[in-house]
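>>> Provided below are the primary sequence and the corresponding predicted coordinates.
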Amino acid sequence: MLGTVEPRGAALLGVLVVLVVAFGILSDRFLDYDNMANLLLQSSITGIAAIGLSFVIMTAGIDLSAGSSMNLALVLAISIAGTAGTMEYTTQTNWLVYPVALVAGTALGCLNALAIIFLRLSPLIVTLATLSLYRGIALHLTGGREMLVFGSIREFGRGLIGIGIGYPVVAMFALAALATALLRHVSIGRFVLAVGGSERSARENGIPTGRVLLFAYGFAGITAAVAGLVLVGRVGAVNPDLGWQFEFTVITAVVLGGTSLLGGKGSIRGAIVAAVVLSTISNGLNLIGADPYIYDVIRGCVLLFAVVLDAAAQLHTPATRTV
């Protein structure tokens, strides 16, 4: 039922509480207000992208190009809405960087959808190809060099509201509320779930499946671009590794949060909580001085656990649609 809380959601919250308590004991800095605010800011990058990717996976699709889309959208935005700085490889940006990044992200996502629709190819194959294509174009445009960016692009990623919470955190919850409203109250949200349940049945019932896929992948492109704006705004640079393997972190958050890889059901709230869980792990390990090379091992284990959990859920529970 819409709006219900699944057992997985409660279990995920329990895992988050255990992690917070454990890292709070292991590090006397973990529970500091500043660190908690920073943890939320870190999680907002994954959380924002996970909101859009949730729609793609709800259609029984996948998008492996999220990190590359982020990279190319930001390179295009900075190239169009920026001017050369006083130093070599620096760019001064204006407010146009935001709409240009959003338009670019939407276009890249829609290109994925159009290839899937008209070429009748698997989303896995299409987005695997565009993963390389988009990143290759971005590397060509930048010459593989890091670009330092100044001006308007830094305002969003570094801005704070009165209580020290970053603008990106506010944006994450606003986007989550919008996505939840779409799934609950707007026909396009119900169409996304219907296509994921059975694309053939959806088509036979008059649902415009092509438009639904365009919406899902376009929305994923928008959220990837917003996540990129946050990341570049915080770091102050676009480097060749921007978004590298980012898609796997986002997919982990989406699946761990309760969205089925087989489509037809999902949880926006779960994806946000999962993003916070993943950031809590990284933040806590960093504070206790863990070997940085163990991070990828843990992320890989979490992704494997999420996939196994999803497979088990498909075998033992009836299909439900949650938001």
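That came in fine, so what should we check first?

>>> who's in contact with residue 145?
The contact partners of residue 145, by CB atoms under 8 Å, 6 or more residues apart in numbering, come to 89, 240. Just so you know, the C-beta spots here come from the backbone N, C-alpha and C atoms, and that holds for glycine as well.

>>> how does it look with 10 Å?
By CB atoms under 10 Å, 6 or more residues apart in numbering, the contact list for residue 145 reads 88, 89, 139, 238, 239, 240.

>>> from these, list just the buried residues.
Using 16 or more other CB atoms under 10 Å as the burial test, the contacts of residue 145 include 238, 239 as buried.

>>> out of the contacts of residue 145, who's nearest residue 25?
The shortest distance between residue 25 and any of the contacts of residue 145, using CB to CB, involves residue 239 and amounts to 35.8 Å.

>>> determine the number of other residues adjacent to the nearest residue to the closest one once chain neighbours are set aside.
The shortest distance from residue 239 to any residue other than its chain neighbours is 4.2 Å, reached at residue 146 (CB to CB, 6 or more residues apart in numbering). The burial count assigned to residue 146 is 13, neighbours taken as other CB atoms under 10 Å.

>>> so residue 146 is in contact with residue 242, correct?
Yes. Between residue 146 and residue 242 a contact is recorded at 9.3 Å, counting by CB atoms under 10 Å.

>>> which residues do those two both contact?
Common neighbours of residue 146 and residue 242 are listed as residue 235 (criterion: CB under 10 Å, 6+ apart).

>>> so how far does stretch 193-207 reach from one end to the other?
Using CA to CA, to the nearest Å, the end-to-end distance of stretch 193-207 comes out at 11 Å.

>>> and it, what's buried?
193, 194, 195, 196, 197, 199, 202, 207.

>>> now those in a markdown table, with secondary structure, pLDDT and distance to residue 155?
Supplementary listing: the buried residues of stretch 193-207 in a markdown table, determined by DSSP: H, G, I helix; E, B strand; the rest coil; pLDDT from 0 to 100; distance: CB to CB, whole Å:
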| residue | secondary structure | pLDDT | distance to residue 155 |
| --- | --- | --- | --- |
| 193 | helix | 94 | 36 |
| 194 | helix | 95 | 40 |
| 195 | helix | 95 | 38 |
| 196 | helix | 94 | 37 |
| 197 | helix | 91 | 42 |
| 199 | helix | 92 | 42 |
| 202 | helix | 93 | 42 |
| 207 | coil | 94 | 41 |
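
>>> hmm, back to that, quick one, phi psi at the residue nearest to residue 239?
Main-chain dihedrals, residue 146, degrees, to the nearest 10: phi -80, psi 140.

>>> same question, residue 257
In terms of degrees, to the nearest 10, the main-chain angles of residue 257 are phi -80, psi -10.

>>> end-to-end on stretch 251-271?
Stretch 251-271 has an end-to-end distance of 9 Å (criterion: CA to CA).

>>> next, residue 157: secondary structure please.
Using DSSP: H, G, I helix; E, B strand; the rest coil, the structure places residue 157 in helix.

>>> and it, what pLDDT?
pLDDT for residue 157: 91.

>>> please identify the helix or strand for the nearest residue to it once chain neighbours are set aside.
Spatial nearest neighbour of residue 157, excluding adjacent residues (CB to CB, 6+ apart): residue 233 at 2.1 Å. Using DSSP states H and E, the element containing residue 233 is helix 209-235.

>>> what average pLDDT does that helix get?
Looking at helix 209-235 alone, the average pLDDT works out to 96.

>>> and it, which residues are buried?
Counting neighbours by 16+ other CB under 10 Å, helix 209-235 gives 209, 212-234 as buried.

>>> for stretch 301-314, same thing?
For stretch 301-314, burial by neighbour count (16+ other CB under 10 Å) applies to 302, 303, 306, 310, 313.

>>> likewise stretch 64-84?
64-79, 81-82.

>>> so where's this structure shaky on pLDDT?
Along the chain, segments meeting pLDDT under 70 span 1-8, 84-88, 313-323.

>>> 80 instead, please
Scanning the chain with the threshold set as pLDDT under 80 gives 1-11, 84-89, 162, 292-293, 295-296, 299-300, 303, 305-323.

>>> now the helices for it?
With DSSP state H, the ranges of helices along the chain come out as 7-26, 33-58, 66-80, 97-119, 123-142, 153-158, 167-185, 187-197, 199-204, 209-235, 246-256, 268-287, 294-316.
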